[in-house]
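Visitor: Fold the following for me, if possible:
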Amino acid sequence: MTTGTEPRPLELLSLGAGVQSTTALLMSLAGDLPPLAGAIFADTGWEPAAVYEHLGRLETVAAAAGVPVHRVGKPVGIREAALDPATRFASIPAFYANDDGSTGRGKRQCTNEFKIEPIRSLLWKLHREAGRPGIRQWFGISWDEAQRMRDSDARYIDHHYPLIDLRMTRRDCLAWLAEAGWETPRSACIGCPFHSDAEWRRIRDNDPAAWADAVDFDARIRHGHGLHKTAPAGRVYLHRQRVPLDEADLRTVEQKGQGSMFPEFADDDCDTGYCGR
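Guide: Here you go, the predicted structure:
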């Protein structure tokens, strides 16, 4: 808690460029939320083209209001790192099947290395440059995702969830964006193993370039060095069915019938508030 002699905290948004964080940024620019000192987009280098186009538009309107949007990231993007044997690769939560019949899943190190660490590094830099005030780090998590809220592990950072304070759901965000004249693409790495079947279908049917990229990446990591450590005697896949992505059964639940062994939606999701949204 600050006193009258302490500087006001820096209000900084973790911008995933998805529906919720876009809503938080635009609501701030519109005066419906407090003013921001800036927004930070952690670029893994593997977002769909539509997301980068959307981000560019956000940068333009934010800059016109005097709010900088910072892009941060690693020198080598997540896709390139995964395919380069000379690079220390942060594991993605892909699925593996060993030759002895056992199965498992890789560790999720990618969010920390490609999202959290670059953002935290910039937060520390801005904290020092501003005379070490507190930081209120905004997250685009909506009321229907309240279970994703997390306390900060840094003494100078307080996590803030403005959409939850307003009890705005994702549907409310979509309605607000529509009224403001904005359409927001789905923000996530093209080859994220957390994609549901519905999301894989959306990519396959609406973004041929991204689908071809994901299929190619999936084939290349079958014995890729980054995940091969987790599956030393097996094969690695992006899809939970543990088959090549372009052979996965992506039919809807209705199309599959009640006896399907594979769910329509993912069993879990990236719950940190850094990926997408």
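
Visitor: how about the helices of the stretch 1-150 of the chain, start to end?
Guide: Taking DSSP state H, counting those that start in this stretch as the test, the helices found in the stretch 1-150 of the chain are 19-29, 49-64, 78-83, 110-111, 117-129.

Visitor: and those, which one is worst for confidence?
Guide: Mean pLDDT values for the helices of the stretch 1-150 of the chain show the minimum at helix 78-83, a mean of 88.

Visitor: What is that one packed up against?
Guide: Helices and strands touching helix 78-83, by 3 or more Cβ pairs under 8 Å, 6 or more residues apart in numbering; DSSP states H and E, are helix 208-220, helix 225-228. Heads up, the C-betas are built off the backbone N, CA and C, glycines and all.

Visitor: relative to helix 49-64, how tilted is the first one?
Guide: Translated: helix 208-220. Put simply, helix 208-220 runs at 120 degrees to helix 49-64, going by axes from the mean of the first three to the mean of the last three Cα atoms, to 10 degrees.

Visitor: Buried residues of helix 208-220, list them for me.
Guide: Residues 210-211, 213-215, 217-218 are the ones in helix 208-220 that count as buried (16 or more other Cβ atoms under 10 Å).

Visitor: Residue 204 contacts residue 212, doesn't it?
Guide: No - Residue 204 lies out of contact with residue 212 (Cβ atoms under 8 Å); the separation is 9.6 Å.

Visitor: which residues are contacting stretch 145-157?
Guide: 20, 120, 123, 127, 132, 134-137, 139, 141, 158-159, 161, 164, 170, 271-273 (Cβ atoms under 8 Å, 6 or more residues apart in numbering).

Visitor: Restrict that stretch to CA atoms and write it as CSV.
Guide: Presented in CSV, the C-alpha positions along stretch 145-157 are these (Å, rounded to 0.1, in the frame of the first residue of the first chain):
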residue,chain,number,x,y,z
GLU,A,145,-11.8,-17.0,-15.7
ALA,A,146,-11.4,-15.8,-12.1
GLN,A,147,-9.6,-19.1,-11.2
ARG,A,148,-6.7,-17.9,-13.3
MET,A,149,-5.9,-15.0,-10.9
ARG,A,150,-2.5,-15.2,-9.2
ASP,A,151,-0.6,-13.2,-6.6
SER,A,152,2.7,-11.6,-7.6
ASP,A,153,5.9,-13.2,-6.5
ALA,A,154,7.8,-9.8,-6.7
ARG,A,155,7.5,-7.3,-3.9
TYR,A,156,7.4,-4.3,-6.2
ILE,A,157,4.6,-5.7,-8.4
